[in-house]
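[1] Please work out how this folds:
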Amino acid sequence: MTIDDLHQVRKNSKIIIRQSEIETALNKLAEQLNNDYEDKNPLFLIVLNGGLIFSGQLLPKIDILCQIDYCHATRYQGKRRGAKIQWKTKPQMNLANRDVIIIDDILDEGHTLASISDYCFTNNANSVKTLVLVEKQHQRKSYQGQKADYCELNVPDKYVFGFGMDYFHHWRNLKDIFICDDRYIEAK
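    As a prediction, this is how the structure comes out:
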């Protein structure tokens, strides 16, 4: 895929969530987390690369005692369809007896979040909650009725990118969230 192709994708994609709506959602999420974890010391576990921009905007709004760690677990490796979970980096901090909040960009089918949650519980986390920027609306969740514990934005069952979500490793840096024109779904 050429640079011109990538610019064409952005030009022909439509903004579905503007930065101002994202900011409102971030403020609501921060308020909920500040209230829910006021007297605790949660560990925010950021899932790279998708959760990086989202967490970078959200965490400065969190005004409670907390710690931050990261992991890199992926099913997509730059492709449209997910495969088996691949751990590139596991969490560095001890998860035992911790209240863990996993931060990721999107809940699509939920396989990645479920695997990371299982890992946390296997390592004796006290509790595990999921926090995502957007939840994709469809019936293909890995567990029937699966929802994120914290989420303020929903997107249709289409390919979306921007604000941390990528289009074949590009456009994560965009301030808005775009829906991809169907003709650009498959990589060239």
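[2] buried sites along stretch 54-66?
    Phe54, Ser55, Gln57, Leu58, Leu59, Ile62, Cys66 (16 or more other Cβ atoms under 10 Å). Where C-beta positions appear, they are placed from N, C-alpha and C, glycine not excepted.
[3] Next, find the distance separating Lys136 from Pro156.
    With distances taken as Cβ to Cβ, to the nearest Å, Lys136 is found 8 Å from Pro156.
[4] What average pLDDT does stretch 180-188 get?
    Confidence over stretch 180-188, taken as the mean pLDDT, stands at 71.
[5] Over to stretch 11-27?
    Mean predicted confidence for stretch 11-27 is 97.
[6] same question, stretch 105-122
    Mean pLDDT, stretch 105-122: 92.
[7] Over to stretch 46-57?
    Rounded mean pLDDT across stretch 46-57 is 96.
[8] From here on, call the first residue 9.
    In the new count, where the first residue is 9, that last one comes out as stretch 54-65.
[9] Check the offset of that stretch from the chain's centre.
    Averaging C-alpha positions (Cα atoms, centre = their mean, to the nearest Å) puts stretch 54-65 7 Å from its chain's average.
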